[in-house]
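> All I have is the shape, not the residue letters:
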C-alpha cells in the first residue's frame, strides 16, 4: 500500500497533475471564501476545465477544490464574520469574536492548521479504510446494493430540515427523472411522449448543474436589491495576521481528544451519504461545547470552537471520498460531480474502482494529501488578496459562473440538447427551492435511480422471492436501518413540534 | 378549500403520478425479464403519489388549524422576483442565440446584458467596465477552452464561427 501511495505522490508531483491540483486548490480556497459561492458551485465551475485533461489531472483538480473549499470558508468566517461556505458556519461562532478581540491572525491560523490536521487524519482514514470497505462491498449481491441505496435515500430524506415528507417527495422526483428515457434492462422507451430527445433520458451532469447553480444564483439575484444584504457585517479592518505558527500548532495538538473526536465526527458524517460538511462542523462544535469544562465561554472566541469546526469539515472530505471510492455512492453534491466527471472519462466507480484503477485511486489519495500543504501555503500567501476577491459584485460573478455552467453542459457531448436540459432544470431547481424542497434527496435519487432499478431487477431475475430482501442478513439489516432512520426523523419532528407548542404555552 | 404552497406542490405531484401511472401499466412486457419495464416506474410513481397526497393532506389540515390567524404572520422580506424572471429570460435568450451567432458573440451580449440587468451602469466609466468584462469573459473563455483545452464551443449558424 505504501509503495502504491508513494508512486501516487510521485505521479501527482509531475507538472501535468500538480498544476491542476494547485489551481483547483486555489479555486477552492477562493470559492470557499466568497460568501454565496459554495464548494459545489466552485466544482461545477471547474468541471468544464477538466474535460480536456487526463482523468487523474481532472480528478486532482476537483480534489484540490474540495480540500481548498472546505478550508477557504474559514477566511471570511473569521475575518468578516460571514461564513464563506455552510461548512464554516460554526467557525464564525468563535473565529469572528476572537478576531474582533484583536487576534485575527490567531483565529485564522487556528482554523487553517485545524483544517490541515483534521484533513490529514481524514486522509489516513481514507487510505486505510477504502480498500477493506470495497472488499466488503464486493460480497454484496443485488439485494444488499438495493437495500444500501434505500438506506442512503432514507437517511438523506430524514435529514431534510423542513419536512420528512418533502424530503421523501424530493427523492421520488429524483427517481422519476431517471425513469424517463430508455429502460436499462430491455431498452424499452418510457415516458418519452414520442420525443426523440427524451428517448435518451436526461443527462445527469446538466441536470445537477442546472438544479444547483441556478437555484443558488437566482436566490442571490432576488436579494440583490435588498438593502440588508448590502450592509454587510463589521469587518476586522486591515487585519494583522502575523503569528507564531509553532505556538498555534501546539495550541491545537495540546488538545488531542478534541482534535480526534471532531475529526471522527467529520469522517462519520462524510461517510454517510449526502449529508456534508455543513452538518459536520455544527455537530462537532456542538460536541466540543458539550464536553468542554467551560461551555459558557463558547461563542466568545475560544480556540476549541474553531478547532472543532475546522478539523471536522476537512475530515468530512476524506469520509465523503471513502463512500464514493468504496461503494460508488456520492457523499455529497461535490462528490456527485466528481462521479459524473469519472463517468465522462469512462471510469466506473464502485467496489472494483480501487483494484481496477489503482493508479487513479492512489493518485486521488496523493492529491488529497498534497492539497493540504498547498491549502496552507495558498492561504498564507494570499489571504489579503482573497479578502479583496470576496468583494466582487454579483453582477460580475453571476454571468461568468453561468457562462461556465453553459460550457460545462455543452462540452459533455457537443450538443445544445444538454444546454436546454440545463436551463429546464435550472428553472425547475429554483422553483423547488422556493417551494421549500430540499435538493440533496432529489440529487441522491437522481444519482442512484438507475442503480436501484438495475439491482432490483437483477435480484428478481436471480430469485423472484421478495422476502430475500429482508431475510438476507446484510440486506435485512440495511432495510431495518432505513426504516429506523425514517422513524427517528418522525420522532425528531414530533419532538420539535411538541417543544414549539410548549414554548407557545409559556406565553 | 384554501391551499398553501405545500398543498399546491402536493397536488401537482399527485396529478403527475396519476397521469403517468396508466402509461407505466401500459408498457409492454419483455419475454426475458420476469417484471416488465413498467414495474420500477410504477413503484416510483406510487411513492411520489403517496408522499404528494400526504403533503396535500398535511397542508389542508394546517390551513384549517391556522385559520384567519395565518394572515397575521409577519410579512416575508421583499424579494425581487421580477428581476429573477428577467434573469431567466436573459439566460434563455443567451441559450437561444448560441447556435445562431456562436459562443463568442453570444457570450459578449449575455455577460453585458446580465450585468446591465443587475446593476445598470450610470457613468461612462461604468459602461466601459461593463463592456470590458463582457468582452474579456468571452475572449478568455474562448482561448482557454477552445485553444488550450481543445473543448469545442458552440458555432453560430448565422456567423459561421
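Right, received. Where do you want to start? Quick caveat, the model's predicted, so the values are computed rather than measured.
> who's in contact with stretch B:102-111?
Taking contacts as Cβ atoms under 8 Å, 6 or more residues apart in numbering or on different chains, the residues outside stretch B:102-111 that touch it are A:399-400, A:402-403, B:90-91, B:93-94, B:97-98, B:100-101, B:133-135, B:137-139, B:141-142, B:153-156, B:159-161. Where C-beta positions appear, they are placed from N, C-alpha and C, glycine not excepted.
> go again using 7 Å as the cut-off
Here stretch B:102-111 makes contact (Cβ atoms under 7 Å, 6 or more residues apart in numbering or on different chains) with A:399-400, A:403, B:90, B:94, B:97-98, B:133-135, B:137-138, B:141-142, B:153-156, B:159, B:161.
> So among these, which ones count as buried?
The neighbour count (16 or more other Cβ atoms under 10 Å in any protein chain shown) marks A:399-400, A:403, B:90, B:94, B:97-98, B:133-134, B:137-138, B:141-142, B:153-154, B:156 as buried among the contacts of stretch B:102-111.
> Going by distance to residue A:6, which of those wins?
The shortest gap between residue A:6 and any of those belongs to residue B:141, at 38.3 Å (Cβ to Cβ).
> contacting residues for that closest one?
Each residue near residue B:141 by Cβ under 7 Å, 6+ apart is listed here: A:403, A:407, B:107.
> and if we set it to 8 Å?
A:403-404, A:407, B:103, B:107, B:153.
> Now do the buried residues in stretch B:30-41.
So for stretch B:30-41, counting by 16+ other Cβ under 10 Å, buried means B:33, B:35-41.
> Name the residues that touch stretch B:83-91?
With Cβ under 8 Å, 6+ apart as the criterion, stretch B:83-91 contacts A:214, A:218, A:221-222, A:224-225, A:398, A:402, A:423, A:426-427, A:430, B:110, B:113-114, B:117-118.
> Which ones among the residues you listed lie within strands?
Among the contacts of stretch B:83-91, no residue falls in strands (DSSP state E).
> ChimeraX command for the buried members of the residues you listed?
To isolate in ChimeraX the members of the contacts of stretch B:83-91 that are buried, counting by 16+ other Cβ under 10 Å, one can use:
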select /A:214,218,221,222,224,398,402,423,426,427,430 /B:110,113,114,117,118
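> which ones are touching residue B:34?
Per Cβ under 8 Å, 6+ apart, neighbours of residue B:34: A:460-461, A:464.
> Over to residue A:480. Which of the three states is it?
The three-state label given to residue A:480 by DSSP: H, G, I helix; E, B strand; the rest coil is helix.
> Which of the three states applies to the residue sitting nearest the centre point of chain B?
Centroid-nearest residue in chain B, with Cα atoms, centre = their mean: residue B:88, separated by 8.2 Å. Going by three-state DSSP, the secondary structure assigned to residue B:88 is helix.
> Can you give me the separation between it and residue B:98?
When Cβ to Cβ, to the nearest Å is the yardstick, residue B:88 and residue B:98 sit 16 Å from each other.
> how's chain B carved up into domains?
Chain B breaks down by automatic domain parsing into domains covering B:5-72, B:81-148.
> show me where chain B has helices.
B:5-26, B:39-66, B:81-118, B:124-141 (DSSP state H).
> How far off centre is the longest one?
On the basis of Cα atoms, centre = their mean, to the nearest Å, helix B:81-118 sits 15 Å off its chain's mean C-alpha point.
> just to revisit the earlier point, closest to residue A:197 out of the helices of chain B?
Counting by Cβ to Cβ, residue A:197 lies closest to helix B:81-118 out of the helices of chain B; the figure is 14.6 Å.
> Can you check what angle separates the closest one from helix B:124-141?
Between the direction of helix B:81-118 and that of helix B:124-141, the angle (axes from the mean of the first three to the mean of the last three Cα atoms, to 10 degrees) works out to 90 degrees.
> list the buried ones in helix B:81-118?
For helix B:81-118, burial by neighbour count (16+ other Cβ under 10 Å) applies to B:83-84, B:86-88, B:90-91, B:94-95, B:97-99, B:101-115, B:117-118.
> Same question for stretch A:258-275.
Along stretch A:258-275, these residues count as buried under the neighbour rule (16+ other Cβ under 10 Å): A:258-259, A:261-275.
> One more: stretch A:104-112?
When neighbours are counted by 16+ other Cβ under 10 Å, the buried residues of stretch A:104-112 are found to be A:104-112.
> hang on, the earlier thing: pull out whichever of the contacts of residue B:34 are also neighbours of chain B.
Here is what survives when these are matched to chain B using Cβ under 8 Å from any Cβ of the partner chain: A:460-461, A:464.
> Tell me, how many residues neighbour residue A:211?
Look at residue A:211: counted by other Cβ atoms under 10 Å in any protein chain shown, it has 26 neighbours.
> what about it, distance to residue A:404?
Distance from residue A:211 to residue A:404, counting by Cβ to Cβ: 16 Å.
> Would you state the strands of chain A in chain order?
A:181-182, A:189-190.
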